[in-house]
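Visitor: Sequence isn't available, so here's the structure alone:
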């Protein structure tokens, strides 16, 4: 949640509709919230992402800009949305992952 620019909006909507909200961060970016449960995990590559997916259940809503996290959330039956408001779906996630892969490959080959 430390990299998510819409945490305040999420919390306001969640509180309005009495939706339980959990924010995850690592020990390098500790967050505080008056509404949400905050879970702090150890620092490390993708530690927060893996913890998020381990806590994720069918029907949950996951907000992430990471296509890989979104794909794992969808595979668990959760809903996944980008911070810009674009929904990830079973119909569009494969294309997004492929585009990410091709862009990464192109960046590597240009060096």
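Guide: Yes, it's here. Note that this is a predicted model, so its numbers are computed, not measured.
Visitor: CA atoms for contacts and neighbours, from now on please.
Guide: Noted.
Visitor: hey, which helix is longest across this protein?
Guide: Secondary structure of the chain per DSSP state H: the longest helix is helix 93-109.
Visitor: Which helix or strand in the protein has the lowest average pLDDT?
Guide: helix 93-109 (a mean of 91; mean pLDDT, DSSP states H and E).
Visitor: quick check, distance from it to the centre of its chain.
Guide: Using Cα atoms, centre = their mean, to the nearest Å, the distance from the centre of helix 93-109 to the centre of the chain it belongs to is 19 Å.
Visitor: so residue 15, which of the three states?
Guide: helix (DSSP: H, G, I helix; E, B strand; the rest coil).
Visitor: which residues touch the spatially most central residue of the chain?
Guide: Nearest residue to the geometric centre of the chain (Cα atoms, centre = their mean): residue 64, 2.7 Å. Residue 64 makes contact with 4, 70, 80, 81, 82, 83, according to Cα atoms under 8 Å, 6 or more residues apart in numbering.
Visitor: So which of those is surrounded by the most neighbours?
Guide: residue 70 (27 neighbours; other Cα atoms under 10 Å).
Visitor: gap between that one and residue 16?
Guide: To residue 16, residue 70 is 25 Å away according to Cα to Cα, to the nearest Å.
Visitor: where's the residue nearest to residue 96 when sequence neighbours are not counted relative to residue 93, distance?
Guide: Excluding the flanking residues, the one nearest residue 96 by Cα to Cα, 6 or more residues apart in numbering is residue 67, at 6.9 Å. Separation of residue 67 from residue 93 (Cα to Cα): 7 Å.
Visitor: No further questions, thank you.
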